[in-house]
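Visitor: got a structure for you, letters missing:
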């Protein structure tokens, strides 16, 4: 007995593809930027950019990594300290910030008093830690604010995430739109762009006193408002990160979009994509269930509603969540002949 | 010849005309190419991955890459065959990345393919048996052998077509097919498979 000669079996294994599904994928394809340059031109440009980058790296005067170490900055109403890589710290009225250590692989600063807004250019090879009244706030690619008043500490994250650590206690992770104080935890999700925008504009500048030596490379400036990316840019960033195989970055961007622009028509899709990334790539079924639920709440009439409900059941099942049966029942009631009816019915037995 | 010929035969502009218009920046032509081939790409991706729930992103990625790289297509009339190769290589990359993520513990082990939901009702028994055997072993195969096996035994491609779609030499394609068919033999309980050398 031998294997059958190869034959075409494909027609016996076709997916269910309806027009809605095609429309949805086309909408996603169409929203991606098109690179229509010929290959030779792209290659030439890439070569030129690479050569320029190498030249810049070789020829640029290298700032000493420790230029800022030991510098204490004290502000009147406001002041911004910008590091060579663009990382900035904006001191709000009466704040005092000390740079304890500034090296290529680690930066440590202490907020001694008042409120400081950090906008950190994150790199995997560098750790950025802010000390505040016994707590360590560890940057994970972020814009965040740390405030100290006596023994009280508060941290609020605008985008990205931070970890708050004290001694051997388990780290607490804060994501975009969340805030925390050491007196009580308060987690809030802003409901619109206005609440998720850049740190509040600073008070009118007055004289600032900096104890930095005059030879230091620190640039000081009164803080300009930082333009915040809009939903379209965030969606594009998320899609590019996903396409490049960086699901964690893509998830962070989708999460940011749905939290910051909840009234935007793309918020529901962002929540749905976030759920899929958490479930399929990040091994986080509980987080995925939360995102799918949010997607359904944000866009109850969307074309992906059925998919979102089916994936919600799958996520709850994989998270061994007791709400799975109710979600399954809801799906089967609303979509009795749905595309995913068979797989949903088999969930959370 | 392409296995990704649109069905039924399209009316309207030819593939070559659409490709030329799309290259010139005509958005309608890009959309027309997408809609002409969407179902076929869904089908091929579905059979390569073996499950329906994970292919929307993949189809999206395939079209984004294809439409962004139309300038590389030397023969606009061969869009279908070229798109087949884009789908196969993109899926191959995705599967390889997932396998790596699973190996290093970043991703849970992939569930076996649910053949009952994959195979159409009313398929002949011998077809069901062969598909069951093929999809029963694919998770155990190296990614390249997995892709080669599906192209050969499910899509019914010749060895030359498998090689072209995967962007490898014919001898590499043959080796991958033979490797996979040895597993398949074992799954079907048969020996001495008839292979084209």
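Guide: Received, thanks. No experiment lies behind these values; they were computed from the predicted model shown. Numbers count the residues shown, from 1 in each chain, chains lettered A, B, ... in the order given.
Visitor: Quick check: buried residues in the helix or strand harbouring residue B:44?
Guide: Following DSSP states H and E, one finds residue B:44 within helix B:27-49. In terms of neighbour count (16 or more other C-beta atoms under 10 Å in any protein chain shown), helix B:27-49 has its buried residues at B:29-34, B:36-49. (C-beta placed from N, C-alpha, C; glycine too.)
Visitor: check contacts around residue B:48.
Guide: By C-beta atoms under 8 Å, 6 or more residues apart in numbering or on different chains, the contact set of residue B:48 is B:87-88, B:91, B:95, B:147, B:150.
Visitor: tell me the phi and psi of the nearest residue to residue A:275 once chain neighbours are set aside?
Guide: Distances taken as C-beta to C-beta, 6 or more residues apart in numbering or on different chains put residue A:291 closest to residue A:275, at 3.6 Å, once the chain neighbours are dropped. Dihedral angles phi and psi of residue A:291 (degrees, to the nearest 10) take the values phi -70, psi -40.
Visitor: next one: the one 10 residues further on
Guide: Summarising the backbone geometry of residue A:301 under the convention degrees, to the nearest 10, its torsions are phi -100, psi 20.
Visitor: Identify the residues contacting it.
Guide: Neighbours of residue A:301 in contact, by C-beta under 8 Å, 6+ apart: none.
Visitor: quick one: the residue nearest to residue A:275 from residue B:101, how far?
Guide: Distance from residue A:291 to residue B:101, counting by C-beta to C-beta, to the nearest Å: 20 Å.
Visitor: Same drill for those two, tell me which one is more crowded.
Guide: Legend: neighbour count by other C-beta atoms under 10 Å in any protein chain shown for residue A:291 and residue B:101, higher for residue A:291 (29 against 17).
Visitor: Quick check: that one touching residue A:268?
Guide: No. Between residue A:291 and residue A:268 there is no contact under C-beta atoms under 8 Å: 10.5 Å.
Visitor: what residues are shared contacts of the two?
Guide: residue A:258.
Visitor: tell me which helix or strand of chain A sits lowest on mean pLDDT?
Guide: Counting by mean pLDDT, DSSP states H and E, chain A has its least confident helix or strand at strand A:209-210, which shows a mean of 34.
Visitor: buried subset of the contacts of residue B:48?
Guide: B:87-88, B:91, B:95, B:147, B:150.
Visitor: Would you convert those into TSV that also reports distance to residue B:19, pLDDT and secondary structure?
Guide: Listed next are the buried ones among the contacts of residue B:48 as TSV, based on distance: C-beta to C-beta, whole Å; pLDDT from 0 to 100; DSSP: H, G, I helix; E, B strand; the rest coil:
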residue	distance to residue B:19	pLDDT	secondary structure
B:87	16	95	helix
B:88	19	95	helix
B:91	22	93	helix
B:95	28	88	helix
B:147	26	94	helix
B:150	27	93	helix
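Visitor: Mean pLDDT per helix and strand in chain B: which one sits at the bottom?
Guide: Ranking every helix and strand in chain B by mean pLDDT, DSSP H and E puts helix B:115-118 at the bottom, with a mean of 80.
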